[in-house]
Each structure stands twice: as C-alpha cells, then as structure tokens.
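Student: Following is a predicted model, sequence given first.
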Amino acid sequence: MTIESDRQAHATPAEVPLNPGDFDMGTSGPALHSTVDIVVPSGRSSTVAAALMKGLEVYSNVSGGLVTADPTRAEEILGVYENLGLIGQTDTAYPVGVNVSQRLAQHTTWPGTISLDARIAAGELSHEDVVARVELMSRLYVPASEGAPIRCPDPRFLKNFNGFDFAHVMRPIGPQVIAGTLGAAIARRLGEGAENWDNITLRDDVEELSDIEERTGYKPGDHIHEDAKAGEMGCKGVDSARQNLANLHDVALSEDLNSLTRSIIGQSGYHGRTMSLLRGHAIEMSAHADTYLTDQAALVEQLKGRYDNSLEVLAGPNNAAIVAINYVPRTTFHRDLYNYMTGNDMQVVNYDYWRSIGVATDLATNRSGQVDGEARRSFLHARVAYTVGTLMSMIDGSQFAVERVPNDFHTARSL
Ligand SMILES: [Zn+2]
C-alpha cells in the first residue's frame, strides 16, 4: 500500500465554503469568458493531452451515443479546460490532500464481478496506469451546483456527452451519492426501521425524501442505463437492492463492511451498536422486499414526473478501476469529462460523502433547530453501509481507493 498526501504542502488551512457562491475555483471561478494564470507542473500538460488524445482515438472507433471528435483539436480543447480551472489548478486553489490505497477491500473478495485484478492479470493495464489515472481524476473536481439534480456514483458514460460542447461540459451537476434520491430513501428506512413493514413502500419513502432534498438545495435524481434489462432501470443501488441488503448481513463480508464504514465515518463518529441495529433493519427489509421495494418502472416514472432532468441516461460498459470518497464540501467529480478524455477504460466511482452528512443533519433537525444525534447517526451509518453494500454487488474490491480530503479534515467530517 502506498500513501501519498500533499496535505502538509499547503500552509493555509482550507476554508470550508458555506454556500456555492463562496466556492472559488481559482482567481476567477469557472466562467466561460474567464482567463486565469495557471501554473501547470512540467509534464502535466502533456500527460493530460495524451489522455485526451487517447480518448478521442477510442471515440473515433465507437458509434451509437458516443461522439466522434477531431483529434487535431485536442491541445486546443485542453488549453481551454485549463483556463476554465477544470484541469490543472483546482487542487492548488482549494487545498486538499489525496490519499491513495491500492486496494479497497481489505479482508475478502467481494461478490461483484467487475475486477481490476483480473484486468491487470490479463495484461490489459498496470498498477502504474491506475496511479497515473488517479493523478488525472483528482484534478477533475468541480463545484457541485445548487439546484442541480443529485447524481449516482455509477461510473459509466453519460449518453451523448460531448467534451467539445462547452454548454454540456459546464452544465450544473449535483453531488454523487449511491442511487441518488432512491438510495437515500432506502438508507433512511434502513436507519429508522419500521413499526409495520407491511404498511410502507419505497415509493412513499422516495416521495418524502424528494421533498427534503429540494429543501436542501438540490433536485431529486438518479439515472437509468440504455442497456438495462427488462424490469430493471440500470442503477445497481436499486436493481440489486436484495443483494445489497444481503451483503449488509453476510458474515463473510462483515469485516470489510464494518471497517470501510468506520473508515468513512471516522473512528469517533462510528458506533458498533448502530451497525447492529442497521443489520437488523436490513434483515427485516429483506424479508419484506416483495412489498417494500416497488418495481423499478414505477420509481423511474415517479422521479421523471417530479423533475424533467432527474434521470441521467448512461451508456456503455462499467470499467470501475478507482473508488473515491470525496470529503471536500460542495465539490463533485466531473465523471463525464473524465470518461470523455480517457475513453472509459479506467472509470471512477466517486462518493460525495459530504452530501450524506448534510442530509443526515437535515433529517435529524426538528422545527426548533435541535439535532437528534441518534437519528443523525443512524442515517449516516445506513447511508454509508448501503453504499458499501452496493459496491460489494458491483465490484470485487480490487479497485484503488482514493480519499479526497480538505486540509481541515476534522471540520469537514463533522459538519
Ligand atoms: Zn446508480
């Protein structure tokens, strides 16, 4: 395992932005007309250019939803992205550290079939390739735009995304949390449990959660996939809900589930007793899955009916190679530009953990502003554990793990 951290390199403590307007990506922010002086470390520019070129070559060979672009414009486009602050300066303007570990799973191999180990063993790519990619992806964090729909960390390509189309690249994007609003609704129920499981459905829980999300500055959202099987929507957090729940009470997976949940929440916030209660609720939800987990088509219609752009349409294969946990408030990963530049070969599952903290606090705050610590803790544990449980259904755990943390890590973790 290698740990890299540049937290020490920044003398100024990070200022945690309180609202999107406070977020400064550099000297001028990401306005289309802006030009800023940027310092690109030697070699960086050509590395990214090579990645962009590679992506363009890939796209010239792919049809159906994926664009064919002109490789001769790669340098020009790259320069524009740099000037916008999308590449090459975000982590110097807003000091963060990036911790890298070469393996997400620590104790066992997970049930998911997507495997970085298998691809490395087959000679498709090397550890060094992934390390280089971590460097690139860590520069593709942008502000999460208030009012934008919540996104899922599903790492696949956004259908018809065009990296040469500015309006498309700079469109407002919301934070990434597993299965978006649907996943938050499942997690909330897992945390709270139910008096009578026969009387509740995911559909009702989604309706309530959507109201809450709109109050907290983002629009409800999730995604579908153009190749989803009949009866499925293409989001692992929903389609594999039964398996995800089973992972939460599978003894063989419990060590990894506990240690990853503890590592994300932090030692001081983690409670073993809360995890035990959560496991009990997962067993109960599993037992009532036939009535609680409303069919996917109805959920898709529900979100669509609520807001036009609430469902992204993803396309192509899942090549997850990196799992990132992002602790930097009000920032998110530009999955689409990253995939466009790199040809989808080493995709990134990014979880904006800061968003879960915000929802946990909001859910646990009563009308007079008092926060119920127990309720907050329950949701947070459920949200993180269900995320890990979903990842266990998707990948085998051999992916790289990346933590993106502000200098003032403790403040960000307990917001
Ligand atoms: Zn999803």
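Tutor: Now that the structure is in, tell me what you want to look at. Just so it is clear, the structure is predicted and the values come from calculations on it, not from any experiment.

Student: Tell me the buried residues in the longest helix anywhere in the chain?
Tutor: Using DSSP state H, we find that the single longest helix of the chain is helix 373-394. With burial defined by 16 or more other C-beta atoms under 10 Å, the residues of helix 373-394 counted as buried are 375-394. No exception for glycine: its C-beta is placed from N, CA and C like everyone else's.

Student: check which helix or strand covers I186.
Tutor: Using DSSP states H and E, I186 maps to helix 180-192.

Student: Same check on I322?
Tutor: For I322, the host element (DSSP H and E) is strand 320-326.

Student: residues in contact with that strand?
Tutor: By C-beta atoms under 8 Å, 6 or more residues apart in numbering, the residues outside strand 320-326 that reach it are 104, 114, 116, 119, 125, 130, 133-134, 137, 141, 155, 264, 332-333, 345-354, 391, 394-395, 399-404.

Student: Send over it as CSV, restricted to the C-alpha atoms.
Tutor: The C-alpha coordinates for strand 320-326 follow below in CSV (Å, rounded to 0.1, in the frame of the first residue of the first chain):
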residue,chain,number,x,y,z
ALA,A,320,-14.6,0.8,-12.5
ALA,A,321,-10.9,0.9,-11.5
ILE,A,322,-11.0,3.6,-8.8
VAL,A,323,-13.4,4.3,-5.9
ALA,A,324,-13.1,7.8,-4.5
ILE,A,325,-14.5,9.2,-1.3
ASN,A,326,-14.8,12.9,-1.5
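
Student: Where does the prediction get shaky in the stretch 101-250 of the chain?
Tutor: 164, 166 (pLDDT under 70).

Student: likewise the stretch 301-415 of the chain?
Tutor: 408-415.

Student: what ranges do the strands span in it?
Tutor: For the stretch 301-415 of the chain, the strands defined by DSSP state E, counting those that start in this stretch cover 311-315, 320-326, 331-333, 347-352, 400-406.

Student: Contacts for the last one, please.
Tutor: Strand 400-406 is contacted by residues 7, 14, 16, 94-104, 116, 130-131, 134, 137-138, 141, 321-329, 412 when judged by C-beta under 8 Å, 6+ apart.

Student: And the closest residue to N366 other than its chain neighbours, how close does it get to S378?
Tutor: Leaving out its chain neighbours, the residue that sits closest to N366 by C-beta to C-beta, 6 or more residues apart in numbering is D372, at 7.0 Å. Applying C-beta to C-beta, to the nearest Å, the value for D372 to S378 is 9 Å.
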